[in-house]
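# I'll drop the sequence and a predicted model, then ask my questions.
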Amino acid sequence: MIQAKNSINSQYHFQFHENLVKYNGFEFELLFLAMLTGLNIILTERQSIQNMRSLMIRLELSTKNLSPKTRSAISFLISNELVIRKDHGYLPSKRGKSFGTHLLSLLQKNLSTP
């Protein structure tokens, strides 16, 4: 669904390959970024896991292996400079917040479509 690729100037570019409507959900990393953006607060890893569990239950998605998935998502998002670590927690970077806002609008649009 999303691909990160290194350009000549070492910045990452993200592309959506298909409309999110065609999927039963988001890739976990994107859902995690959308959640962090929507909450707009610094979350520890434990708080992130708890909030993701709650969100995934509300979206009727599987909560299986949530802790390793969350750690992996944090690592992926940090390495792509979409999330930063601050004061023992995580929050979207300026670029991550912009992308997360876009994801939130897509999520809202897709969930409101019959």
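Happy to help now that I have it. Numbers count the residues shown, from 1 in each chain.

# What about the most centrally placed residue in the chain? Give its phi and psi, please.
Residue closest to the mean C-alpha point of the chain, counted by C-alpha atoms, centre = their mean, is residue 33 at 2.3 Å. When quoted as degrees, to the nearest 10, the phi and psi of residue 33 stand at phi -60, psi -40.

# got it, and residue 42?
phi -80, psi 130.

# neighbouring contacts of the helix or strand residue 37 falls within?
Per DSSP states H and E, residue 37 falls inside helix 28-39. Outside helix 28-39, the residues that touch it by C-beta atoms under 8 Å, 6 or more residues apart in numbering are 1-2, 25-26, 43, 48, 51-52, 55-56, 69-70, 72-74, 76-77, 82-83, 90-92, 96-97, 99-101, 103-104, 107. For every residue, glycine as well, the C-beta is placed using N, CA and C.

# Tell me which of the residues you listed fall in strands.
2, 83, 90-92 (DSSP state E).

# Farthest-apart pair in those, please.
2 and 91 (20.1 Å; C-beta to C-beta).
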